[in-house]
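> next come a sequence and a model predicted from it.
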Amino acid sequence: MLLMLTKENAVTKFLFVTDLDHTLVGDDQALVELSDRLQRHRQQHGTKIVYSTGRSPLLYRELQQEKNLFSPDALVLSVGTEIYHNGSDIPDPEWSEILSPGWQRETILTITHKFPELVLQPESEQRPFKVSFFLKAEFSGILPQLEAELQKSQLNIKLIYSSGIDLDILPLTSDKGQAMQFLRQKWKFAAEQTVVCGDSGNDIALFAVGKERGIIVGNARPELLQWHNQNPADYRYLAQNFCAAGIIEGLKYFGFLE
């Protein structure tokens, strides 16, 4: 068992990476408290804060304004396919370069057109390195067949299905976890100095990529809980509380907050 509840941890800078919907956001009172504590920790100790979300830039801005979210040090959007630093609207070119090889958007659209169960998401959600569909849970049995068809064309892709409705097709080298590790290495944080938080299937990549400290909020969706139960790890914590309150609980458990 990892015992990390130490005063020393509480005043050490760390890398904090969190999903937004139903993770950071969802309990307004706890969000205010957590935001205040994180900003103070960043100011005093140099902690880095990253929002990692499936949302596009458009939908992120809507949420940011609605919930008055403070500005992070980096923003990982569109399920890990875009990284923005310090409020810039220009994606990190180094990350885009990593995702480019083998990515063939038009070929993906041609193949997916053969599956009537797939409904394209709005244009704002179609991004340079992401093709997104709505797929009802009762039709999710087509996923192995779809993946096989895409692999026949030797496409450098992966499928991420989450929340019983969202299907994202991404470059193989991209997801929330790999984007997090890219930033972690860029900023020179060790895995044990890094905390990742999430609630749904597209957050599994955050928890599965390495030995970063993981906080699964108490309102996590069944697909994440099932994965957690099948892959137990002492560096991952399942909170009792929901949303930001669960994150505060987890940060105290790991000793990053007092």
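Happy to help now that I have it. This is a predicted model, so every value here is computed, not measured.
> domains for the protein, by residue range?
The chain breaks down by automatic domain parsing into domains covering 7-94+174-253, 102-171.
> give me whichever of the ones you listed is most buried.
The highest mean neighbour count among these, using mean count of other CB atoms under 10 Å, belongs to domain 7-94+174-253: a mean of 19. (C-beta placed from N, C-alpha, C; glycine too.)
> what helix or strand does the nearest residue to Ile247 once chain neighbours are set aside sit in?
Of all residues not flanking Ile247 in the chain, Cys197 sits nearest, at 5.2 Å (CB to CB, 6 or more residues apart in numbering). In the assignment (DSSP states H and E), Cys197 maps to strand 194-198.
> returning to that earlier point: just put the domains of the chain in a markdown table and tack on mean pLDDT.
As requested, the domains of the chain are exported to a markdown table (pLDDT from 0 to 100):
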| stretch | mean pLDDT |
| --- | --- |
| domain 7-94+174-253 | 95 |
| domain 102-171 | 93 |
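> mind listing what Glu192 touches?
Contacts for Glu192 (CB atoms under 8 Å, 6 or more residues apart in numbering) come out as Lys211, Glu212, Arg213, Tyr235.
> so which two of the residues you listed are the farthest from each other?
Lys211 and Arg213 (8.2 Å; CB to CB).
> then the helix or strand where Phe133 lies to CSV, C-alphas only?
Using DSSP H and E, the element containing Phe133 is strand 131-134. Provided in CSV are the C-alpha atoms of strand 131-134 (Å, rounded to 0.1, in the frame of the first residue of the first chain):
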residue,chain,number,x,y,z
VAL,A,131,-13.2,12.2,-36.3
SER,A,132,-16.2,11.9,-34.0
PHE,A,133,-19.6,10.1,-34.1
PHE,A,134,-22.6,9.4,-32.0
